[in-house]
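# Got a predicted model here, sequence first, then my questions.
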Amino acid sequence: MKKRVKQYALQIEVGTQDRRHVLKDFSRMLDNQIETIVLFLLEQQGLLASRLASLREQHDALQEQPDISNITELREAYRSVGQDLLKLLFFVEINAIGLRKILKKFDKRFGYRFTDSYVKTRANHPYSQLQQVFKHVGLGAVVGALSRNLHELQDRQGSYLSIYDQPALPLQDPVVDSIKAAVDRLTNSTNFLNFLGQHALIMQEELPTPTDELVDDQRYHFMSLILNLANTFLYMVNTYIIVPTADDYSMSLGAAATVCGIVIGAMAVAQVFSSVYFSAWSNKSYFKPLVFSSIVLFIGNAMYALAYDFNSIAILLLGRLFCGFGSARAVNRRYISDCVPLKIRMQASAGFVSASALGMACGPALAGLLQTNFKIYKLTFNQDTLPGWVMAVAWLIYLVWLSISFKEPSRDTEENHRPQESNAGMLTPINSIFSFGLVFCKLAIMWSIETVENDSLENGLKQPLLITSEDKKEDEDGDQEFDGSEEAPEESHQPATSVKSAYRLLTPSVKVQLLIYFMLKYVMEILLSESSVVTTYYFSWSTSTVAIFLACLGLTVLPVNIVVGSYISNMFEDRQILMASEIMVLVGVVLSFNVIIPYSVPQYVCSGLILFVFAEVLEGVNLSLLSRVMSSRLSRGTYNGGLLSTEAGTIARVIADATITLAGYLGESKLLNVTLLPSLIICITSIIATSVTYNSLY
């Protein structure tokens, strides 16, 4: 079909064909190809049904004369049918990708919006073959037969209990689970676990093979996974435990209250660097980076606590920088991606996100409990220093636990099944940092000057079948054809080896989504970091009150994701939720301004709740989209999609905290409005970028 599109272009150029004839001929050719897919799908389903019928006869014979060895063979035969059904689903998925690509190429070559008209006329017609593919005719019956018979044979050795008699006992078979996951990808259906797991942005490089699953099982260690998640939880507690008291601590050392922006942001500044070197380090080891992280965080928190007795703001900031240098979130992500078996990787990803959310809520809550004041020898323990001492002890205990229980996964099997990464890309983290800064500064302007080349099928605005995990496998050259002069297909799936190569893999829609991520992290950081200063100035809130407010905000994360993941995401398109959430974040920012009427607690609490909740909704939907459309080359290696998103969010936090400190020079009375103004501008910019990028696709 690519060759035919080239012929069309040449024929139109020399005048042997008119555009109307080209459209008609191309439509007919697409219809024929889709019909071929559907008929083949039905033919293969018939063959699977025949095999199931034959197995049913063997199953009935076993009921009369049960034999354990025959039961085992029959169960494996059913699983073999399931594997073939899974291949058939992959066949549909691959053809959906091919359809999307050829439509995109046709629109790009001829400047038409043919995709929209073709899909609209075919998708809803009662005799549409395209619609038959959407409904994946007959697959439900095959899956039902497999599930019922496997349930009867599963670990029962002749005890034939029906799934209808015991609905509380779900079938736990990898084949059925894989089929369900494949069907979910085709129908774009989602649930809370998948939705929450996608927050971690741990992407799959390709469809798994049995060898890959064996490697995963060999590398998996449950206690190591728990330690990895514990590191995530403690780091988030460490990040937010100082927020309620940072302004008071700064004033006790002779600085202005708004210096809390630098105190809080120092950790994010260091994390910009640590994310890169930890990601590179995790190519060789997971245990050593986690040990290093724990030691550095212990030192950083001790310095943070000792700054009070030394009366030194420099030691305070240096302690927070050390805490940022100990950020091992890149290692946490990589461990889940590389060492957790595919069958539980989504649960582990959801655990990663849940640990982060729980840590975010526990940090301020713990700070609210540390309201005491005493001295031991020359060391002061009060609400300002206790967060540092508590976290130092927590990291010391974690370090001992880590040393005893963590198991370093084997690298031998991984090296045999994974492309090697360039050492050059791993040895230049400092250069990479400056490149990251340039990358994300460009995001704010690139959306307005780049030509939007994606189509509505590619972005899943109307046809969920065409939005699958394979969407990530875009041609690196902008969908040009492979003619032998380009890189070989094997090379096209190598991990990105530098920030520059990773940036080239970002499509306009991915750049906009990273801009959205930057925006939501910026507005959330403004809300959280200045909360103590603002509430003290306007409402005279105590540290405990601020801690309760921040903890309540953190506790909304999981309930909000349950609602969105289980219900909202199945009722509306992701990009509808995306735009609505951006608008509501904008509403929250606007309502937060102090204009005309006296500033009140209800106004602050309601506007902050709106802003935070819808920013959380936006983050979930945005990362869900990002995980599906980002290049598969960014699923592995040092410069992966998780690192890019982490850097975008971290840079946003750094800028937000710097904004708070700079605005403090204008006085606390102007702090709120001055810091909200950039939030308003960035939010409006992201809405315009989203609208321009995605509305042009219709």
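Looks like it arrived, so ask away. Residues are numbered from 1 along each chain as shown.
# care to break the protein down by domain?
Domains of the chain are assigned by the TED database as 1-157+172-201, 216-406+504-693.
# Can you name every helix or strand that the one helix or strand Ile610 maps to contacts?
Following DSSP states H and E, one finds Ile610 within helix 601-629. For helix 601-629, the elements it packs on are helix 192-197, helix 508-529, helix 531-539, helix 543-555, helix 557-563, helix 574-592, helix 641-664, judged by 3 or more C-beta pairs under 8 Å, 6 or more residues apart in numbering; DSSP states H and E. All C-beta atoms are positioned from the backbone trio N, CA, C, and that covers glycine.
# Quick check: which of the ones you listed has the most neighbours on average?
Comparing these by mean neighbour count (mean count of other C-beta atoms under 10 Å), helix 508-529 ranks first with a mean of 25.
# I'd like the mean pLDDT over stretch 562-576, please.
For stretch 562-576, mean pLDDT rounds to 74.
# thinking again about what came up before, would you mind listing the buried residues in the helix holding Ile610?
Neighbour-count burial for helix 601-629, with 16 or more other C-beta atoms under 10 Å as criterion, is recorded at 603-604, 607-629.
# And stretch 55-72, by the same measure?
Across stretch 55-72, burial judged by 16+ other C-beta under 10 Å covers Leu55, His59, Leu62, Ile71.
# So for those residues, which is the shakiest by pLDDT?
Leu62 (74).
# For that residue, pull up the helix or strand it's in.
For Leu62, the host element (DSSP H and E) is helix 19-64.
# Show me what that helix is packed up against.
helix 2-14, helix 68-110, helix 114-123, helix 129-134, helix 139-153.
# Pick out the shakiest of those, pLDDT-wise.
Note on the helices and strands packed on helix 19-64: lowest mean pLDDT is at helix 129-134, with a mean of 60.
# Report pLDDT for the nearest residue to Leu591 once chain neighbours are set aside.
Excluding the flanking residues, the one nearest Leu591 by C-beta to C-beta, 6 or more residues apart in numbering is Ser607, at 3.7 Å. Model confidence at Ser607, given as pLDDT, is 94.
# still on that earlier bit, distance to Asp18 for the helices and strands packed on helix 601-629 - can I get that in JSON lines?
JSON lines is the format used below for the helices and strands packed on helix 601-629 (distance: least, C-beta to C-beta, whole Å):
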{"stretch": "helix 192-197", "distance to Asp18": "48"}
{"stretch": "helix 508-529", "distance to Asp18": "32"}
{"stretch": "helix 531-539", "distance to Asp18": "65"}
{"stretch": "helix 543-555", "distance to Asp18": "61"}
{"stretch": "helix 557-563", "distance to Asp18": "53"}
{"stretch": "helix 574-592", "distance to Asp18": "36"}
{"stretch": "helix 641-664", "distance to Asp18": "44"}
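# Tyr599: which of these is closest?
helix 531-539 (5.0 Å; C-beta to C-beta).
# In this structure Cys683 contacts Val585, no?
Yes - using C-beta atoms under 8 Å, Cys683 makes contact with Val585 at a distance of 5.9 Å.
# Find the residues that touch each one of those two.
Here Cys683 and Val585 share the contacting residues Met519, Val523, scored by C-beta atoms under 8 Å, 6 or more residues apart in numbering.
# mind listing what Tyr8 touches?
Counting by C-beta under 8 Å, 6+ apart, Tyr8 touches Gln17, Val22, Asp25, Phe26, Arg109, Phe110.
# Quickly check those for the two that are furthest apart.
Using C-beta to C-beta, the pair of the contacts of Tyr8 lying farthest apart is Asp25 and Arg109, separated by 14.4 Å.
# Quick one: find the helix or strand in the protein with the lowest mean pLDDT.
helix 456-459 (a mean of 35; mean pLDDT, DSSP states H and E).
# so where's the stretch 401-550 of the chain uncertain?
The stretch 401-550 of the chain contains residues with pLDDT under 70 at 411-499.
# 80 instead?
410-509 (pLDDT under 80).
# quick revisit: my read: the residue nearest to Leu591 touches Leu586, true?
No - using C-beta under 8 Å as the test, Ser607 is too far from Leu586 to be in contact (11.4 Å).
# Could you pull up the contacting residues of Leu555?
Applying C-beta under 8 Å, 6+ apart, the residues near Leu555 are Ala361.
# If we use 10 Å, what do you get?
For Leu555, the contacting residues are Ala357, Leu358, Met360, Ala361, Cys362, Ala365, by C-beta atoms under 10 Å, 6 or more residues apart in numbering.
# Spit out the contact partners of Phe110.
Applying C-beta under 10 Å, 6+ apart, one finds that Phe110 lies in contact with Val5, Tyr8, Ala9, Ile12, Arg19, Val22, Leu23, Phe26.
# Throw these into JSON lines and include distance to Gly46, thanks.
Shown next, in JSON lines, are the contacts of Phe110 (distance: C-beta to C-beta, whole Å):
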{"residue": "Val5", "distance to Gly46": "34"}
{"residue": "Tyr8", "distance to Gly46": "36"}
{"residue": "Ala9", "distance to Gly46": "40"}
{"residue": "Ile12", "distance to Gly46": "42"}
{"residue": "Arg19", "distance to Gly46": "41"}
{"residue": "Val22", "distance to Gly46": "37"}
{"residue": "Leu23", "distance to Gly46": "35"}
{"residue": "Phe26", "distance to Gly46": "31"}
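# Filter the residues you listed down to the buried ones.
In terms of neighbour count (16+ other C-beta under 10 Å), the buried residues within the contacts of Phe110 are Val5, Tyr8, Ile12, Val22, Leu23, Phe26.
# between the contacts of Tyr8, which is nearest Ile336?
Using C-beta to C-beta, those come closest to Ile336 at Arg109, 40.9 Å.
# correct me, but the closest one touches Ala9?
Yes - using C-beta atoms under 10 Å, Arg109 makes contact with Ala9 at a distance of 5.6 Å.
# rewinding a little: between the helices and strands packed on helix 19-64, which gets nearest to Thr385?
If you check each of these against Thr385 by C-beta to C-beta, helix 68-110 wins as the nearest, at 56.3 Å.
# Let me know the angle separating that closest one from helix 19-64.
Orientation of helix 68-110 against helix 19-64 (axes from the mean of the first three to the mean of the last three C-alpha atoms, to 10 degrees) gives an angle of 170 degrees.
# how much does helix 68-110 deviate in direction from helix 2-14?
10 degrees.
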